[in-house]
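Peer 1: Pasting the sequence and the predicted coordinates here, then a few questions.
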Amino acid sequence: MVLILLDGSVKTPIRVVDLVVPFRASYGTLAIGLGTLSFEILVLVAVTGWLRRQIHPSAWRWIHRLSYLACGMIFLHALLGGSDFSAPEVSSIAWSVAAVLTVLTVARLLWGRLSAEGRDLQRGRPNP
């Protein structure tokens, strides 16, 4: 975050408030706002990960499901505002990660979590 504030290559510098309050930047409002929101969601997920024992399990689970949303927002942030996205190396990695995460998310939505029997079979212990 400090490097973003000190970046001199940008015509209009990012202010501290732009890193905390989404959609306030004077340029690239949508892209920078998505980056701000996704960062804040990931901070929330990390903090609640440390506080898992103090949070109700269903609340913790719903907060951690927000990480799916954050991944999508990070991709859109890079797509809309990233000048590096025009580089084939960066673009191919980003699109590949987006494709894999999309397939895994759709699979999870369609089939849910792996059952207890499936987990036992994965571990090499057949269910009696």
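Peer 2: Cool, the structure landed. Numbers count the residues shown, from 1 in each chain.
Peer 1: worst-scoring helix or strand of the protein, pLDDT-wise?
Peer 2: Among the helices and strands of the chain, helix 116-122 carries the lowest confidence by mean pLDDT, DSSP states H and E, at a mean of 59.
Peer 1: how deep is residue 13 tucked in, by neighbour count?
Peer 2: Using other CB atoms under 10 Å, residue 13 is surrounded by 14 other residues. The C-beta positions use only the backbone N, C-alpha and C, and glycine is treated the same way.
Peer 1: Can you say which helix or strand has it in it?
Peer 2: Assigned by DSSP states H and E, residue 13 belongs to neither a helix nor a strand.
Peer 1: Kindly state the pLDDT recorded for it?
Peer 2: Listed pLDDT for residue 13 reads 70.
Peer 1: Would you check how far apart it and residue 27 are?
Peer 2: Remark: distance between residue 13 and residue 27 (CB to CB, to the nearest Å) = 10 Å.
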